[in-house]
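In: Based on what follows, work out the 3D shape:
(one chain, ligands or ions: 2)
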Amino acid sequence: MSTPVPGEARGTTAGGEAAARAVALVKTYGTGEAQVVALDGVDVAIGRGRFTAVMGPSGSGKSTLMHCLAGLDTVSAGRVWLGDREITGLDDRQLTRLRRDHVGFVFQSCNLLPTLTAEENITLPLDIAGRVPDREWLHEVIGTLRLGDRLRHRPSQLSGGQQQRVACARALAARPALIFADEPTGNLDSRSGLEVLRFLRAAVDDLGQTVVMVTHDPNAAAHADLALYLADGRIVDEMTRPTAESVLRRMQVFAAGPRPAPTAPTGPAPDRPPGPAPRHHRNG
Ligand code: ADP
Ligand code: MG
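Out: Residues are numbered from 1 along each chain as shown. Ligands and ions are numbered 1, 2, ... in the order given. I've put the predicted structure just below:
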């Protein structure tokens, strides 16, 4: 039998396989008074072949969730799977190998090596791992990223958007099952950001990849199939087929708090009868 799928997991697609999932995931930093609960019991399943955006205010746990799902960080409690493989309990060596073969990362800053060409940067992780690049796959990735005429350039000769596309190609070079991108457009102007977002979309639609992107930008989230909302270390909502407008509206609701503010003043009872506030009369 396959491992049980959590009934309450967010992000699941009906009948869809999970590329990664977590059950009752807790992550705390520090101890005692200084303890921070970064993730507070997260159940989530990342649908394979989908583009998932993880949204939420600064400090809500987005990066921590990504790090725990990707095996970049240990968890305090709960369980995490990458594909069918449970990663909680693996040692560092096993984790490193699993990540290298199955996960690609794109971060806010591209971290390209300045002395290497774009192509050398793209294949560097494979070279380090002693793996022979799949030329056909690389060709497809480079074509999708429209980097064919930039391969001999060094990072300083590329625009910010092109550099981030090289970082995307590097993340995809080993053909990982899952790509994690943490605010990949955070350092880019809107046009370069759009290039990267279109690519992540194409990676899902044309190359069959699974992408998880952390963002707080409604315009970026609109490229995803599903937006998950984190607040205070919990997944509090999700939205399929998000648009920039619907995401923005949802963010405004959350910013206002989980419940509407009470209309009656608190404190000592006012000496007026309870009931609705007087309304304005309609014209006419
Ligand atoms: P986000 O990516 O949504 O901005 P993070 O996942 O980075 O949020 O952080 C969630 C919470 O955990 C925050 O309160 C943050 O200060 C805390 N945190 C994150 N990383 C660490 C760390 N290495 N040590 C201590 N606290 C951390
Ligand atoms: Mg973050």
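In: how about the strands in this structure?
Out: 18-29, 36-47, 51-55, 77-82, 85-86, 103-106, 178-182, 210-214, 226-231, 234-240 (DSSP state E).
In: avg pLDDT for the third one?
Out: Meaning strand 51-55. The average pLDDT within strand 51-55 is 96.
In: and that strand, how far from the chain's centre?
Out: 5 Å (C-alpha atoms, centre = their mean, to the nearest Å).
In: Same question for the shortest one.
Out: Going by C-alpha atoms, centre = their mean, the spacing between the C-alpha centre of strand 85-86 and its chain's C-alpha centre is 20 Å.
In: how about the residues of the protein near ligand 2?
Out: 62-63 (C-beta under 5 Å from the ion). (Each C-beta comes from the backbone N, C-alpha and C, glycine too.)
In: which bits of the chain sit near ligand 1?
Out: 29-30, 36, 38, 56, 58-64 (C-beta under 6 Å from any ligand atom).
In: how about Arg99, what does it touch?
Out: Residues near Arg99 by C-beta atoms under 8 Å, 6 or more residues apart in numbering: 70-72.
In: ok, back up a step: could you identify the buried members of the residues of the chain next to ligand 1?
Out: 38, 56, 60-64 (16 or more other C-beta atoms under 10 Å).
In: Looking at those, which one is closest to Glu136?
Out: Ser63 (33.8 Å; C-beta to C-beta).
In: could you list every residue that touches the closest one?
Out: 182, 214.
In: separation between it and Leu98?
Out: From Ser63 across to Leu98, the span is 20 Å (C-beta to C-beta, to the nearest Å).
In: Switch the contacts of Arg99 over to CSV; also include neighbour count and distance to Gln162.
Out: Listed next are these as CSV, based on neighbours: other C-beta atoms under 10 Å; distance: C-beta to C-beta, whole Å:
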residue, neighbour count, distance to Gln162
Ala70, 24, 25
Gly71, 23, 29
Leu72, 15, 26
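In: What ranges does the stretch 1-150 of the chain have for its helices?
Out: Secondary structure of the stretch 1-150 of the chain, counting by DSSP state H, counting those that start in this stretch: helices at 62-69, 92-102, 118-128, 135-144.
In: Check the contacts of Arg99 against ligand 1 and report the nearest one.
Out: Taking C-beta to the nearest ligand atom as the measure, ligand 1 lies nearest Leu72 of the contacts of Arg99, at 11.4 Å.
In: ok, the closest one - contacts?
Out: By C-beta under 8 Å, 6+ apart, the neighbours of Leu72 are 66, 99.
In: returning to what we had before: now the buried ones among the residues of the chain next to ligand 1 in TSV, with distance to Arg146?
Out: Below are those laid out as TSV (distance: C-beta to C-beta, whole Å):
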residue	distance to Arg146
Ala38	37
Gly56	32
Ser60	34
Gly61	34
Lys62	29
Ser63	29
Thr64	33
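In: And the residue of the protein that's closest to ligand 2?
Out: The nearest approach of the chain to ligand 2 comes at Ser63, 3.2 Å away (C-beta to the ion).
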